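Engineer: missing the sequence, but the structure's below:
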């Protein structure tokens, strides 16, 4: 066991943290059945839909969508990150269904939590890249030929992978397992023992990895819709497709990601500065819902692939017909 010399200020912070943990544990122990039932149910449905769904999407992009365009490359990478995430859901289903008893060891706890945050921020960044590419194509159609070259999409995706790994890598430092009575807890950011580090890490993620992309995407689609509305050269079907795409993509940001980031921050602050038990339980339950909403971005992405068009619907139908023929044989 490692010992560390502490200053009086550090001891005060540690004492405050211990008080927060005690208060939080006493408050949130009641009513946890909501979390033990709700999260496994949502994650089970998500796994059953999105695991095969993303395998089909990746197969369509790889084998049926040639030659690849910039949008195809970005969406393929998005589908790969979604598949990596839903592959870890069975671990979380077992964890919450067993009353938050982690049996897979500390490394797997860190890996599964890392996978969630990696998927969240890689999805946000991939969708932001797609929106920027789309913005240039629609608003500056005469100057977009160079940006449509595949090397730009490949470079953008490589940057997103690297940045997402860097953003999520602190999870391996701040997350661990903790024994509580006769069970092992796989901590999340909101119940990490290192709350003061987590607090600043949360604000960094929320500000630069979410709100900045959120503003960028919102402005991109506001300008795109305005440009298409003014352009007499664009057909009605094209405008409708652009509006549908904007609605689906903005819904992923505002419905899946925004509530999660707001209530994650609120819950971390309540861990540091405890409120009444009623308030803390209510925030915990709301955060539980927003956490599952954040995971539903993988389902929203499946809808987005169809809304994109790019002959995706026809390719999906051809794959489904091939699967049906194979099953008949």
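Structural biologist: That came through, no problem. Computed from a predicted structure; not experimentally measured.
Engineer: so residue 103 sits in a strand?
Structural biologist: No - counting by DSSP: H, G, I helix; E, B strand; the rest coil, residue 103 falls outside a strand, being coil.
Engineer: Now residue 183, what are its backbone angles?
Structural biologist: With angles defined as degrees, to the nearest 10, residue 183 sits at phi -140, psi 160.
Engineer: looking at it, residue 78 is touching residue 298, isn't it?
Structural biologist: No - counting by CB atoms under 8 Å, residue 78 stays clear of residue 298, with 9.5 Å between them. C-beta: built from backbone N, CA, C; applies to glycine.
Engineer: residues bridging contact with these two, i.e. touching both?
Structural biologist: Common contact partners of residue 78 and residue 298 (CB atoms under 8 Å, 6 or more residues apart in numbering): residue 123.
Engineer: can you give me the helices for the stretch 1-150 of the chain?
Structural biologist: With DSSP state H, counting those that start in this stretch as the criterion, the stretch 1-150 of the chain has helices at 8-28, 33-63, 70-86, 89-97, 106-139, 150-168.
Engineer: Turn those helices into CSV, columns for mean neighbour count and mean pLDDT.
Structural biologist: Putting those into CSV (neighbours: other CB atoms under 10 Å; pLDDT from 0 to 100) gives the following:
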stretch, mean neighbour count, mean pLDDT
helix 8-28, 13, 49
helix 33-63, 17, 90
helix 70-86, 22, 94
helix 89-97, 19, 95
helix 106-139, 21, 94
helix 150-168, 16, 95
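Engineer: Save these as JSON lines, and put in distance to residue 307 too.
Structural biologist: Formatted as JSON lines, these follow (distance: least, CB to CB, whole Å):
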{"stretch": "helix 8-28", "distance to residue 307": "39"}
{"stretch": "helix 33-63", "distance to residue 307": "13"}
{"stretch": "helix 70-86", "distance to residue 307": "11"}
{"stretch": "helix 89-97", "distance to residue 307": "24"}
{"stretch": "helix 106-139", "distance to residue 307": "12"}
{"stretch": "helix 150-168", "distance to residue 307": "19"}
